[in-house]
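**Student:** test case, fold it:
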Amino acid sequence: MADLFDTASATPKAEGPRPLADRLRPQSLAEVIGQAHVLGPEGPLGAMLAAQSLSSLILWGPPGVGKTTIARLLARETDLAFVQISAIFTGVPELRKVFESAKIRRQNGQGTLLFVDEIHRFNKAQQDGFLPHMEDGTILLVGATTENPSFELNAALLSRAQVIVLERLNLADLERMMQRAEMELGRVLPLTGEAREALLEMADGDGRALLNLTEQVAAWRIDKPIDRDQLATRLMRRAAKYDKSGEEHYNLISALHKSVRGSDPDAALYWFARMLEGGEDPRFLARRLTRMAVEDIGLAEPQAHSVCLDAWNTYERLGSPEGELALANAVVYLALAPKSNAVYAAYKAARASARETGSQMPPRHILNAPTKMMKDIGYGTGYAYDHDAEDGFSGQDYFPEGMKRPVFYLPPERGYERELKKRVEYFAKLRAKRQGG
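**Tutor:** Okay, the predicted model is just below:
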């Protein structure tokens, strides 16, 4: 099984037609497009190669950014045999054969760079199986993953490998790649300027997807350049990368939450739309919007959480797609509402204080005394009924006896909390006056 993936032992075979993406595979690291931050002289891989000290790596990045190509070229740069496997198709017996071949190769004086595609698909036991072979130098592991390694890979494996973050290709990177493809094809694609931009956008940062689209367009037999609309009818737009249970899910909901917190309705609507386009459950978004209302807006705009609950209820009654407009209304309302986390901060501080003083009794004067014995030991003695007091406020202390009075709630001068701040200060002055008297 290992020989199927082992380029060190493969014998040349007659080649048939090769896809454009394969024909344009870079032949040196200098030809790799879009990853200068890791391959440049100051980047981690550039520094390793300059020092001739390559360590095991985890290449983390979206599809089509060059993970396999970089691994193959690293093996070439360091004179290591390149062996490629996929975690999807490789089981324990195949792994044993790979390790045995690497041991034999090492005894003959050559190291092995083992490239594992989709390494996060291996379970914990399979991931642990790499450790002894990494430690004794049998293999230099280069794993590739589109998922967050800190969630998907074992801590033991991560401690023995450096995580290299590869970035999605921007439009300038994709344009360079398209120009390289046109040189290989010997002609310019028959597209107007706007259609060319649309094709780059369809690739969504994926170089492999761009080259596949380019190959399709180059095969069309047309007399004149086509425009954006004609391109859209001939090609299906590539679905945006979105995993409702993975890293992208958390990235986008974080972007939506922070855009609302930052009072930017346009950005908030954009990320809201991105999640819906990716297939996110609108109910999840309704729940998260309600959380934003109570966490980031609070009493600065008391109506905010009601707006969210009403929007949620409207979605449940209307369903998609009409009901999603109600959620969009809530997104804009929250983004433009005054912001305050004063209650959120006060709540967390109160919880912390409760954990520290959790066994202290309430003061006796505010305890009920339903029995004679409880009255005899002082329960309820000295309680001042606030409605009988001047201004309807007794100013008594309601914290445990001997506990220094804390201040948890500090309303800001924003939104409705301006009025609440006045009330807090009013009662504080009255309390000081009553307790002093």
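**Student:** pull out the buried residues from stretch 22-39.
**Tutor:** 24-25, 29, 32-35, 38-39 (16 or more other CB atoms under 10 Å). For glycine as for every other residue, the C-beta is placed from the backbone atoms N, C-alpha and C.
**Student:** pick out the most distant pair among those.
**Tutor:** Largest separation among the buried residues of stretch 22-39 by CB to CB: L24 and V38, giving 20.4 Å.
**Student:** how about the helices in the stretch 101-250 of the chain?
**Tutor:** With DSSP state H, counting those that start in this stretch as the criterion, the stretch 101-250 of the chain has helices at 124-128, 131-135, 149-152, 155-159, 171-185, 193-203, 207-218, 228-234, 247-261.
**Student:** figure out how far the second one is from the centre of its chain.
**Tutor:** Just to be clear, that refers to helix 131-135. Centroid displacement of helix 131-135 relative to its chain, using CA atoms, centre = their mean, to the nearest Å, is 30 Å.
**Student:** where does the chain have low pLDDT?
**Tutor:** For the chain, the stretches with pLDDT under 70 are 1-16, 236-248, 437.
**Student:** and the helices of the stretch 101-250 of the chain, which is most packed in?
**Tutor:** The highest mean neighbour count among the helices of the stretch 101-250 of the chain, using mean count of other CB atoms under 10 Å, belongs to helix 207-218: a mean of 20.
**Student:** distance check, the residue nearest to L189 when sequence neighbours are not counted against R180.
**Tutor:** Nearest residue to L189, sequence neighbours excluded (CB to CB, 6 or more residues apart in numbering): V217, at 5.2 Å. Using CB to CB, to the nearest Å, V217 is found at 15 Å from R180.
**Student:** one step back: can you pull the contacts of the residue nearest to L189?
**Tutor:** Applying CB atoms under 8 Å, 6 or more residues apart in numbering to V217 gives the contacts 189-191, 199, 231, 235.
**Student:** could you measure it against D223, distance?
**Tutor:** 14 Å.
**Student:** which stretches of the stretch 1-150 of the chain form strands?
**Tutor:** Under the criterion DSSP state E, counting those that start in this stretch, the stretch 1-150 of the chain contains strands at 57-60, 81-86, 112-117, 140-145.
**Student:** A350: neighbour count?
**Tutor:** A350: 13 surrounding residues under other CB atoms under 10 Å.
**Student:** and it, that one's in a helix?
**Tutor:** Yes: checked against DSSP: H, G, I helix; E, B strand; the rest coil, A350 lies within a helix.
**Student:** tell me how far L189 lies from P338.
**Tutor:** 51 Å.
**Student:** per-domain residue ranges of the protein.
**Tutor:** The chain breaks down by automatic domain parsing into domains covering 2-165, 171-234, 247-336, 360-436.
**Student:** which helix in the protein has the most residues?
**Tutor:** Across the chain, the longest stretch assigned as helix under DSSP state H is helix 417-436.
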